[in-house]
Every structure is written in C-alpha cells, then in structure tokens.
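[1] Could you work out the structure for the sequence below:
(chains A and B)
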Amino acid sequence: MALVLAALRRRPPAGTDDTGAERVWLWGLGLAFPAVTLVALTTYGLVVGERLLPRDAPDLVTVRAEARQWAWTFAYADAPGRTTEGVLHIPAGRPVDVEITSADVLHSFWVPRLAGKLDAIPGHVNVLRLEAFAPGRYDGVSAEFNGTGYRDHAFAVEAHDPAAWAAFLAGETP
Amino acid sequence: MTPPSETPPETSPKRPTALRLHRALEPIYASDPRFRGWFTTNNNNDIGLLFLIAAAGFFVVGGVLAMLIRAQLASPRSVFMGPDVYNQVFTMHGTVMMFLFAIPFFEAMTVLLLPGMLGSRDMAFPRLSAYGLWCYLIGATTVVASLIPGLAPDSGWFMYPPLTSTEYSPGINTDIWLLGITFIEVSAISAAVEVVVTVLRYRAAGMSLSRMPIFAWYILVVAVMILTAFPPMILGSVLLETERLLDWPFFQADRGGDALLWQHLFWLFGHPEVYIIFLPAAGMISTILPVMARTTLLGHGWVVGAAVSLAVLSFGLWVHHMFTTGIPHMGLAFFSAASTLVAVPTAVQIFAWIGTLWRGRPRLDLPMLWLLGFFATFVIGGLTGVMLAVVPFDWQAHDTHFVVAHLHYVLIGGYVFPMIAAVYYFLPIFTGRTRFFKLGEVAFWLVVPGFHVTFLAVHWAGLLGQRRRTWTYDAGQGWEIINLVASVGSFVMAIGFALVILDVAVNAAVSSRGRRNPWGAGTLEWATSMPSPSYNIASIPVVRGRYPLRDDPDLAHRIARGEGLLAWPARNRRETLVVGTARGEPLQVAVLPGNTALPFVMALATSVVFLAPLIDAYRSAGVALLAVLALALRWAWTLGSKVDEGPLDAGHGLALPSAAEVPDPPGWWGSVFLLLADVTQFGSLLFGYAFLWTVAPNWPPPSYLAPGLWGPALALTGAAALAAGPRLAARAIGRTRAPWPGLVLALGGAAALAGGAATVWAARDPTAHAYDATLWLLAGHILLHAALAAIMLLYLGARVARGYASPARIGEARIVQLWSDFAAATGLVALAAAWLPGAFA
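    Numbers count the residues shown, from 1 in each chain, chains lettered A, B, ... in the order given. This is a model prediction of the structure:
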C-alpha cells in the first residue's frame, strides 16, 4: 500500500479522468482485494483455532488452576487433595486440560511456550488445553492486570516424563 | 457595488454593503466584553476555541504521563517509580488521551467548523455547547488533579471489576474515574445531540443531504454512534458505582453478579469508541485531501457508505477485546470474521483517497505532509489489527506490548496525525493568519520518524512476551535495548509534538494576515472573512452543488453583500435558517439565544451533583440536583413567546414561520435524539439483565418476585393515562381549549406508573442478589422517567397558564408528549421484564 502511494506521488495529472477510476480504485482495490485476502486469512485462523480446542482424548489429564492476588494454586484430578503453590506439574507428551478460575479479581493463565492465554474469572471455570512435547520447566505469568503485585505474579509448569509423573502422583516429589 | 435586487427594501434601510451588514450583525452576535464574556458566551467560535485549547492542554498532560512511562521502562529494574505510582500513571495516560483529549478535540473542531461548513450562523443549541464545554472543563480538571495527592485511578483505563470493586480498591481512586468520566460523558452526549440536529436541520438553503460536505456526513455518523455507544458505558459506571456505594452485587459472583458483564458493557462502548475517534479524522482527510490534490473527492457516495458501514460494523466487534475470556470458539469465530470485515470499508476509504490523489495534482503543503504521515502509519496499524483479529494469534499477543503498539499506530496514526493536518489546514479560519514560520516541517520530521522508532520497537517487545502494564522488568530477557530505543524515540516524538504546539501558537500570534480561502477550497466554511466572524456567515446562500465556492468563485462576495437569506437583522436578534432534512428546502427561522451565564452556572451545579459524592457529601449533591432542575426549567422558560409572530420575512420574498411556531421545533428533534440515547441505555440494562440470567454463576436467584395484583393494575392504567393525557392536552391546545383535563390525567398516570414500580422496591432487598439489584434498577428507571414526565407536565401547565401556548405554538406540548410516551412504553417493558419470570415460575 505504501508502494502504491509512493508511485502515485510521482504521477503527473492524468488529464481528464472520469468514473472509470472509480471502478479500479473502489470496486477493485477497495472491495475485491481485501475481501479475498481476508476471507482466506479468517478461514485459516479459524481452522487453526479449532485445532487448539479442548476435545476428548484417551489419555487426557485434568488439573485445576486457581489464581488469587498474587499466587497460583494447582490441584490434580489424579491425586485428590494434592495441591501445589506456584508450580504446576503435568506429564509431558499427554494432553492436559487446565481448569482455570479465580478466587478474587481477574487474572490470566499464560505459558507462552505451551499455549495462548485464558482468563481466570471468579465464578467461572475456563478450560485450556495444553501439551508439553518434552519434559522440562516452562515459565508462566499472569497476563491480566491485577494490581500492584502484577509484575511478579508468575508461576512455572513442570513437565515430567512418565516415571516422574507417576512418582509425583504418588506424592514423592514435591 | 450595486444593491442586490432580491433583497426586499423594507428589511434593509440602507444599501446593505458588506461592511454595513457586518456592522449590523457584529453587535448582535458579539460576546460580552472582557472577563465576563468568557463565561456568558455561547457563540460557536468562542466555545470551539476554548474547547480546542483545553483539549490540546489535556493532550500535553497525557503526553507528559506517556513520557513518565517511557522513562520508567527505559531501563530494567528502574527505581524511578514504584508500582503504585506507575499504575496511576498508565491508567491516567489512557484515560486522559481517550476521554479528555481525543473525543473533546474533535468535538471542538466540530463546534468551530460545522456551522460554517453547513452555512449556518451557529450550532442548533448554542447554550448546550457552552454547557458541554464547562462540564468537560470542570470534570477533566478534577480527574487530572487527582494525580497530585496520589488519588488517581489505578486499575487500568478499562477499569475491570472485581479489581475495581470496593474490596480490592477501597480508596476513592476508582470513584474519581467513575463519577468524573461519567460527568464528562454528559458533555459528549449533549454535543452529540446538538451535532445531529445541526446537521439534519441547520443548513444553507438547497443543501440537500447529497450536497452536504463530507465532514458533515462523517460527524453525523459519529454523533449517532456517540448516542448509541456511550449509554452502555454510562450504565456500566452506574452499576459499578452503585455496587461500590450501596453494595448492589452486579459484579460479585457469589451473589449472582458477573465480572464479565462489565467487560461486555465497557467494550460495547469501547469498540465503537475507536471508530468514534477515527471517523472524525477520516472526515478531515476526506475534506482536506481533495483540496490538497486540487480536485474533488473520488467516490463521494462510496465514502459516505464506507463511513456508515464502519459505524454499523463497529457495534458487532466488541468481543474481540475479550477473546481470552473463555467465550465458545464459534462465538469467537463470528466476532473474528466481523473484525476482519471492518477492513473492507476501511480499504474503500483508503483507496478512494489514493484514487483522489491519483487523479489530482497534489501539492506538498504542511497539511498534506501530515496526511502522508497518516497513510504510512495507519496502514501498518490496520495490518497489525488484522493480525490481532485472528483468534489464535490474539491468544498469544493479548495484553502484551504488541497490542499497545497496535493501538498507538491506529490512534496516533489514524487520529492525531490527521487532526494536526486539520489544525494547520483550518488555521486561517481560526486565526485569520497564514503560516509564516516553518517550524512545522521540522516538527513533522521529528514526530513521524520518532513515532515509528518507538512503536516498531514496542511491537517487537510485545512479540518477545513483554506484558503491558508491568511497572518494570528484569535484565537478561532480551528487552533492554528494545525498550531503550523505544524510550529514545518517544522523547524525539514528544519534542516534535511540543514544536507543533509552539508552531501553531507562534503563527496564531505573530504571522502575516491571510486572505480569504487560501487553499482554494470549495466548501462554505471558506466563504467568510478570515478569521471567521462571530455570526459565521453574513447571509445564508442558496446552494446548488456539493462545492458551492468551486462552482461560483464570486459566491463569497455575494454572501458578504447580503444577497442570501436572512441577511439584514431587521428583528435585531440572532436568527438562522432551519431546512428540510432531506432536500434542504427552507422551512423555519430559528431564533438563537443571546449571551447568558446560565450554562456556566448549570455546569457548576451539575459538577456538584457528580463530584460531591466523592467526599460523601450526599446532601450537597441532592441540593445541587434540585438546583440543576430549577436551572433547566429556567433555561427552557426563556424560549418561545407569548404572541404568535406569524410568517417572518427571510429575504428573497420568502416568508417562513418562526421555529417556535411549528409542530417540530429544534427542541423536539433534540428530544428525539436524546431519547435515542435513553432507549439505548434502557436496552443495555435489559441486555445486562439477560446476560446475568444466562451466563452469571449462582443463578437462578433464590426466589422470584411475584407480581401480585396491585402493581400490574397500577402500572397498566398509569401507562395508559400517561400516554393518553398529553395527547388530549395537545389537542385541546390546538383547538384553543383548556388542556387541564389531559394534563391532570397524565399526571395521575405518571403517579400510578411510579406506584406500580414502587411495589418492586418494596418487595425486594437490592443487596441480596444481582437479580434483586437489577429489579431495583429497572424500577428506578421507571421512577426517574415518571418523575421527569411529571415535571414536564407541570411545566407545560405553567407555560399554558402564562400564555406561552397557542395552536401555532404547540411544539412544547409535543415535546412533553414524546417524553411521556417514552416513560409509559419503557415502563411497561421494564415491569414486564421484572414480573414475567415470577408469574411463570
């Protein structure tokens, strides 16, 4: 677009143009060009979005993340009663649903390397699907402004290999 | 100079040369001398200039806050500000720029320029312009002053609860935002009502809708958008403030409220708001660009269509600010598609502009330079906007600096740059001088490159994961250099903006006198002498095309010589023409009010109503509310007359009725559009009710309200009487009979309707559950409007008793009828919404 503009800046007056110009500029460039590009882009975006949705999976793991000013508490469906503060433990290589909620104000659960953001809203539970392909430590932050402690409102996701995950569920590693 | 033959001799005792006409008009329209004149003027030239200077002042305030932010972020672990100060600074930066600069600035330009463009002597309701100005000045000063004692709002400019609820924000910081900004919105709403009526009714003879200048089209669209977009946010502020003051749990999940309700209401306002800001700038571009290219706008109809479709689409986009709140993906798909769809009318406009340049012979004057800055910047902002409209991308980029950079590209590129172009372009009209010093070019080359350095860097920081609204960051994340570059660029840009302001000020003060129409423009605002005189236009021309000055280069002189309509002020008062909405045929002569301090006093009283609750001075607020009411009645009372004037001579052999002696006076049109805002507000309340019902946790409520027998019976008969009474009264006035039976019937109806609504208040405790709080608010809506209708009915009775009504002077009765109908209709809908669930449960 900037190129079109630059080109036109150097054009001398094109004599007496009439409504033919309208067809080129408005029908062609104004309507048709963006319509085609945007339909393609939006469709692509939706297809990608569909793929990121939480769907049924055989080896699904469910965990719970509750945010409050300024901490995260995580709970595990596979280990009832077990909670951790500030570190979420998940198995690597398996789909994980994180049920996100809040005990006070709005927060947002964001582990950039694993998934997009999803907000933690009091009274609601939002489900985020993520999957860590390799074991390791993934940093996460809260991504919705929540007061003076916002900057340091961070957590980590610890992805375990199957053996370590089993050990965690059995209560061996903290 | 020959005396024009069309002007009837009896209205012009002497030969009406341009100078004599000027000397006759000037004393009628001039503001009061000296200091007093500032507070009593309601002339659009004075009000507009004050508005413009004030808005520019708040731009400086917002800019200083931005510099503080960039200074803080220039280095990691900066000790310049702590989080408590930083939170106030970024919240106020957003708030000031959006509410105290962007909206008032284009309102100022509109008040200054619109009457001239339309060939009118002033805006439709000059006192309302003045009232809006003073409300804005008092409210904005209060909000900004809260920074000094450290009490400024600190929860982000969109104020998400529960962070802004009493539990997490106990101080008055949040109340300052809610009350102060709502108070300022009063000025936006009053300006919008006035703009719509001005554009639709106050034009030159023969200026049909298709001949109207393009800026008038844009600003008409914007004004309607303000009337339909601001009410949801005003409602949101009312809900949050009642929650904070009275513990009505609209946003408390444990009692059936929902924090998401605020987000919906806020963005239902917030997204149209983006276009409310962008469209006036686009209107300026469509006005200036063709003149700079020495041609006319390509595809005028297309551009109008694009503006209208942008306005419509912008109301379907609000959810794209909420992609990460867990709304189902199919819902997101709809809003994602709608968000990309807005790029289409935007593209139509952009290509219409480029096509205009293509067919014209562009010249590189300073306004054109700024428009090129707009193109270079806005297109990038549009593209990052399309990126953010793609849902998966937004899930990552949301709430990072990428979004910050995007919105600055759109707002600075799409609003500030075109507005600077407009200031330079219209400078001769404001000051009567042409630019002499060339500081402006230097400023341009500081601002635009500085801007791009800053915000390209901010995009990058966002993509690397830097979150917005964090007061500092640690070293070692790869953000140090980027942030330093952004900060340096921002200071270069700030110096440039300072130079722009300096340049305009210097040129306004000391450069050479200019001549009429220096750019060779084709629209009527250039037909006056420079600077624009107090009466704007010496006589109102008959327009036969879209570019009257281009079609007839001598038109300006003929206007000045009084060869148009309403030239010689024979009746010694401010008068202008009211035309038919579609075709622009002359219909009425409107009498404009003279200088008065009433708007200023009423704005002071209104400020006490809004600001006294901040210091818990509720009694003062109540007293002030009564004062506002009394002043409003006084305001209305000064209009009209006790005798029928009959047809007035408008020149050219035209005899037109006074606007006080028609069934649809300007006040009736103003009421219609004010009620448009009111009905949107009511609709938002119903939306909130339905939203809580279907989405909020802890619903349904523990028990429903049972309608009973008395409530519905009272409400139904009340509504019927309130609808019938004013009609009977108006008919009686039309037949010169006494209207008392109708008025009494209507008053009884208002009382009965209010009684029906009061049964709801009696039955429920508003702090128990969001359901009860909503019912109280619905009933409160009815009580408020029944009371308004009753006051108007009493006022109408007093006017009739004092001889202000006649079969011709029926307009006031019709206005009261409009408000009574509204109270009756929304009352029934509100009560049905309150009672039906209980009746079926």
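
[2] Not counting sequence-adjacent ones, nearest residue to the residue nearest the centre of chain A?
    Centroid-nearest residue in chain A, with Cα atoms, centre = their mean: residue A:116, separated by 1.1 Å. Nearest residue to residue A:116, sequence neighbours excluded (Cβ to Cβ, 6 or more residues apart in numbering or on different chains): residue B:395, at 2.3 Å. C-betas here are computed from N, CA, C, even on glycine.

[3] next one: residue A:102
    residue A:120 (3.9 Å).

[4] how about low-confidence regions in the stretch 1-150 of chain B?
    By pLDDT under 70, the low-scoring segments of the stretch 1-150 of chain B are B:1-16.

[5] what does it have sitting close to chain A?
    Residues of the stretch 1-150 of chain B found near chain A (Cβ under 8 Å from any Cβ of the partner chain) are B:83, B:84, B:87.

[6] so which of the residues you listed is the most crowded?
    residue B:87 (23 neighbours; other Cβ atoms under 10 Å in any protein chain shown).

[7] For stretch B:287-304, which residues meet the burial criterion?
    Residues of stretch B:287-304 classed as buried by neighbour count (16 or more other Cβ atoms under 10 Å in any protein chain shown): B:287-293, B:295-300, B:302-304.

[8] Check these one by one and keep those near chain A.
    Restricting the buried residues of stretch B:287-304 to those near chain A - Cβ under 8 Å from any Cβ - leaves B:298, B:299, B:302.

[9] Report how many residues lie close to the residue in the stretch 201-350 of chain B that chain A sits nearest to.
    Nearest residue of the stretch 201-350 of chain B to chain A: residue B:253, at 2.7 Å (Cβ to the nearest Cβ). Using other Cβ under 10 Å, residue B:253 has 21 other residues around it.

[10] check contacts around it.
    A:121, A:122, A:123, A:124, B:259, B:696, B:697, B:698 (Cβ atoms under 8 Å, 6 or more residues apart in numbering or on different chains).

[11] can you give me the strands in chain A?
    A:61-68, A:71-76, A:83-85, A:87-91, A:96-102, A:107-110, A:118-120, A:126-130, A:136-142, A:154-160 (DSSP state E).

[12] I'd like those strands laid out as a markdown table, including mean neighbour count.
    Shown next, in a markdown table, are those (neighbours: other Cβ atoms under 10 Å in any protein chain shown):
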| stretch | mean neighbour count |
| --- | --- |
| strand A:61-68 | 20 |
| strand A:71-76 | 18 |
| strand A:83-85 | 13 |
| strand A:87-91 | 21 |
| strand A:96-102 | 22 |
| strand A:107-110 | 28 |
| strand A:118-120 | 27 |
| strand A:126-130 | 20 |
| strand A:136-142 | 19 |
| strand A:154-160 | 20 |
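
[13] Point out where the chain drops to low pLDDT.
    Since you didn't name a chain, this refers to chain A. A:1-23, A:173-174.

[14] look at chain B instead
    Those would be B:1-16, B:511-512, if you go by pLDDT under 70 across chain B.

[15] Could you say which helix or strand holds the residue nearest to the spatial centre of it?
    Against the mean C-alpha coordinate of chain B, by Cα atoms, centre = their mean, the closest residue is residue B:188 at 3.4 Å. Per DSSP states H and E: residue B:188 is located in helix B:173-201.

[16] got it, and residue B:340?
    Using DSSP H and E, the element containing residue B:340 is helix B:329-341.

[17] Pull the residues that contact that helix.
    Contacts of helix B:329-341 (Cβ under 8 Å, 6+ apart): A:38, A:41-42, A:45-46, A:49-50, A:53, B:313, B:316-320, B:323, B:385-386, B:389-391.

[18] If we use 7 Å, what do you get?
    A:38, A:41-42, A:45-46, A:49-50, A:53, B:313, B:316-317, B:319-320, B:323, B:386, B:389-391 (Cβ atoms under 7 Å, 6 or more residues apart in numbering or on different chains).

[19] likewise stretch A:148-167?
    Against stretch A:148-167 from outside (Cβ under 7 Å, 6+ apart): A:69-70, A:72, A:86-92, A:111, A:114, A:132, A:135-142, A:146, A:168, A:173, B:83-84, B:87, B:469-472.

[20] one more time with 6 Å, if that's ok
    Residues from elsewhere that reach stretch A:148-167 (Cβ atoms under 6 Å, 6 or more residues apart in numbering or on different chains): A:70, A:72, A:86-92, A:111, A:132, A:135-142, A:173, B:83-84, B:470-471.

[21] Return the distance of that stretch from the chain's centre.
    17 Å (Cα atoms, centre = their mean, to the nearest Å).

[22] what about residue B:79, how many neighbours?
    8.

[23] go on, residue B:455?
    So residue B:455, with other Cβ under 10 Å, has 27 neighbours.

[24] if I look at it, how far off is residue B:75?
    19 Å (Cβ to Cβ, to the nearest Å).

[25] circling back to that earlier point, are any of the contacts of helix B:329-341 buried, and which?
    A:38, A:41-42, A:45-46, A:49, B:313, B:316-317, B:319-320, B:323, B:386, B:389-391.

[26] Show me which residues of chain A sit near chain B.
    By Cβ under 6 Å from any Cβ of the partner chain, the residues of chain A that approach chain B are A:1, A:5, A:8, A:13, A:17, A:21-22, A:25-26, A:29-30, A:34-35, A:38, A:42, A:45-46, A:48-49, A:53, A:105-106, A:112, A:116-119, A:121-123, A:126, A:143, A:145, A:148, A:151.
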